[in-house]
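Student: Give the three-dimensional model of this entry:
(one chain, ligands or ions: 2)
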Amino acid sequence: MAVPLMTVVLAAGKGTRMRSDTPKVLHRIAGRSMLGHVLDRVGTVAPERQVVVVGPGMEIVAAEARAAGSNIETCVQADQRGTADAVLAAATALAAHRGDVMVLFADTPLLRAETLVRMREMLEGGAGIAVLGFEAADPTGYGRLLTGADGALVAIREHADASDEERRVRLCNAGVMAFRVPDLVALLRKIGDGNAKGELYLTDAVGLARAAGHTVRVVVCSEEEVLGINSRDQLAVAEAIWQRRRRLKVMRDGATLVAPETVWLSYDTVIGRDVTIEPNVVIGPGVVIEDRVTIRANCHIVGHDGKNRAGLRVREGAIVGPFARLRPGADIGPDVHIGNFVEVKNVVMEAGAKANHLAYIGDGRVGAGANIGAGTIFCNYDGFEKHDTEIGAGAFIGSNSALVAPVKIGDGAYIGSGSVITKNVPADALAVARAPQETREGWAAKYRARRRRTPR
Ligand code: UD1
Ligand code: MG
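Tutor: Numbering: from 1, shown residues only. Ligands and ions are numbered 1, 2, ... in the order given. Here you go, the predicted model:
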């Protein structure tokens, strides 16, 4: 039977080097907080119990943790006295848990699920502690993993406490540790602060566990995977790595990215097969792109923003762009065409509808096969509230029309170009709402002649 697992994610740091009003672990990569990424990864190993340790007054971090899963508990570390002290903030939960414990840092958002699985396998294989390690290009600042002849881990030496010889070791502690020891709380309480920083180091658990007869083993992963974020420049590096990984996955799943390095995806982007995405496309959170869709160059597509989480779907065979903007609640139906400089928000566009040039389509519905002419505006806002515009199937909206919502255009109706439509139009009718044209034969020739006779 599988041994139950409890995870403890340490998120108590303030992250002062970010120079931000937002706590470090809430900074986003691909539209999701670092903490959200770590908790997502933790979810893949199906822990029975999950705790996130936050600093005092960090209620927004705790709220983000709870939003990531209904079974996620939070506890507060009153003073930041080191990583062992942080784990002990969860002592009550730990004491009640029978099984394995895995400790992770919330500022390491690129961890892979497979790596966590390998950590657990190491415990299954008999290790009392499994430590995640990596070969650092520059090990300065990291805890060094000091291994014995048999490859088992003897101790972790923090940089500040290491001898010159120990500092030459490039195998470093990534920060993820998994434990299968009878009483972890008792073990952690033995850790002292006799070190260069005067902190309680979680890493000292290694020596103590060995002294108690446990073996400690190292699981090695790539340096890229355990990049810890302490600054905005590291945040941008992590974003780039994340994007590179996800673009590769999208292409392997059957989409064509013409210039992959210019397409920006979000943590939850769903892209079908035989989708083509041209250069310079930004896809924000909450977007689903179905099979055989083409997204032409320079589009901005966002399904969730700060205030609207309606989501967004581009259905089979639709063509979007170039230079289109799709916002939350846009439902772009099968084979719909959205052309250049068209913005769509909170509108269902039914199958085959077209808006090929220069339009604002906000709030309402566009029926199947309807054609929205260049320059059409849905006047959805009266300064207080938003209202809907309904356009029936097969309707034709002439160019440069303003549709003042709430308003309904019936199936198959025609709207004359340049109209300002304020009243409902029945099916199959023509509505023209503009000043009638006046034509004066010969007027221009007479005017020119007059001006030539009496120059100014
Ligand atoms: C830690 C490790 C080091 C490892 C490195 C990897 C220890 C003693 N050292 O060093 O071996 O190579 O990470 O990046 O564990 N935290 C709390 N409360 C505290 C202290 C820290 O919650 O009192 C959290 C921080 O928010 C952070 C994590 O624990 O997420 C690591 O703390 P940090 O101070 O960054 O440790 P490092 O010096 O980087
Ligand atoms: Mg650190």
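Student: which residues are there in the chain that come within reach of ligand 1?
Tutor: 10-13, 53, 77, 80-83, 85-86, 105-107, 142-143, 156, 158, 172-175, 201-203, 228 (Cβ under 6 Å from any ligand atom). C-beta here means a position set from N, CA and C on the backbone, and glycine is covered the same way.
Student: Show the buried residues in those.
Tutor: The neighbour-count criterion (16 or more other Cβ atoms under 10 Å) marks 10-13, 53, 77, 82-83, 85-86, 105-107, 142-143, 156, 158, 172-175, 201-203, 228 among those as buried.
Student: Now, the residues you listed that are in strands?
Tutor: Among these, the subset assigned to strands under DSSP state E consists of 10, 11, 53, 105, 156, 172, 173, 174, 175.
Student: of those residues, closest to residue 382?
Tutor: Nearest to residue 382 among these: residue 11, at 44.6 Å, using Cβ to Cβ.
Student: hang on, the closest one packs against residue 51?
Tutor: No: contact criterion Cβ atoms under 8 Å: residue 11 and residue 51 do not qualify, at 10.3 Å.
Student: so where's this protein shaky on pLDDT?
Tutor: Along the chain, the parts satisfying pLDDT under 70 run over 1.
Student: And stretch 191-199, how far out from the chain middle?
Tutor: In terms of Cα atoms, centre = their mean, to the nearest Å, the centre of stretch 191-199 is set 38 Å apart from its chain centre.
Student: Let me fix that, I meant to ask about stretch 345-355.
Tutor: Using Cα atoms, centre = their mean, the offset of stretch 345-355 from its chain centre is 26 Å.
Student: Give me the contacts around it.
Tutor: Residues outside stretch 345-355 that contact it (Cβ atoms under 8 Å, 6 or more residues apart in numbering): 308, 310, 326-339, 342, 344, 361-372, 376, 378, 393.
Student: on that earlier part again, check the ones in strands among the buried ones among the residues of the chain next to ligand 1 and tell me the two furthest apart.
Tutor: Greatest spacing in these, by Cβ to Cβ: 53 and 172 (22.5 Å).
Student: who's in contact with whichever residue of the chain sits closest to ligand 1?
Tutor: Closest residue of the chain to ligand 1, Cβ to the nearest ligand atom: residue 143 (2.2 Å). Residues near residue 143 by Cβ under 8 Å, 6+ apart: 156, 157, 158, 159, 172, 173, 201, 203.
Student: And stretch 49-61, end to end?
Tutor: For stretch 49-61, the first-to-last residue distance is 18 Å (Cα to Cα, to the nearest Å).
Student: If we go by neighbour counts, what in it is buried?
Tutor: Neighbour-count burial for stretch 49-61 [16+ other Cβ under 10 Å]: 49, 50, 51, 52, 53, 54, 55, 58, 61.
Student: so the third one, which of the three states?
Tutor: If I follow you right, that is residue 51. Secondary structure, DSSP: H, G, I helix; E, B strand; the rest coil: residue 51 is strand.
Student: which parts of stretch 62-79 are buried?
Tutor: For stretch 62-79, the neighbour count (16+ other Cβ under 10 Å) marks 62, 64, 65, 68, 72, 73, 74, 75, 77 as buried.
Student: just stretch 198-210 next, same as before
Tutor: Buried residues in stretch 198-210 (16+ other Cβ under 10 Å): 199, 200, 201, 202, 203, 204, 205, 206, 207, 208, 209, 210.
Student: ok, the fifth one touching residue 83?
Tutor: Yes: look at residue 203 against residue 83 with Cβ under 8 Å: they come within range, at 7.3 Å.
Student: Report how many residues lie close to residue 335.
Tutor: Residues lying near residue 335 (other Cβ atoms under 10 Å) number 18.
Student: how far away is the closest residue in space to it that isn't next to it in sequence from residue 336?
Tutor: Closest residue in space to residue 335, ignoring its immediate chain neighbours: residue 317 at 4.5 Å, by Cβ to Cβ, 6 or more residues apart in numbering. Distance of residue 317 to residue 336, computed by Cβ to Cβ, to the nearest Å: 8 Å.
Student: Between those two, which is the more surrounded one?
Tutor: Counting neighbours by other Cβ under 10 Å for residue 317 and for residue 336 shows that residue 336 has the greater number, 27 against 18.
Student: Surely the more buried one and residue 315 touch.
Tutor: Yes: with contacts counted by Cβ under 8 Å, residue 336 reaches residue 315, the gap being 7.4 Å.
Student: List phi and psi for residue 8.
Tutor: The phi and psi values for residue 8, taken as degrees, to the nearest 10, are phi -130, psi 120.
Student: what are the bridge partners for it, then?
Tutor: residue 51, residue 103 (DSSP bridges).
Student: got a list of what it touches?
Tutor: For residue 8, the contacting residues are 51, 52, 53, 87, 90, 94, 101, 102, 103, 104, by Cβ under 8 Å, 6+ apart.
Student: Compare those and tell me which is most surrounded.
Tutor: Counting by other Cβ under 10 Å, residue 52 has the largest number of neighbours within the contacts of residue 8, with 29 neighbours.
Student: In three-state terms, label the closest residue to that one other than its chain neighbours for me.
Tutor: Spatial nearest neighbour of residue 52, excluding adjacent residues (Cβ to Cβ, 6+ apart): residue 65 at 4.0 Å. Of the three states, residue 65 takes helix according to three-state DSSP.
Student: Who are the contact partners of residue 65?
Tutor: Contacts were defined as Cβ under 8 Å, 6+ apart; by that measure residue 65 touches 9, 11, 35, 39, 52, 54, 72, 74.
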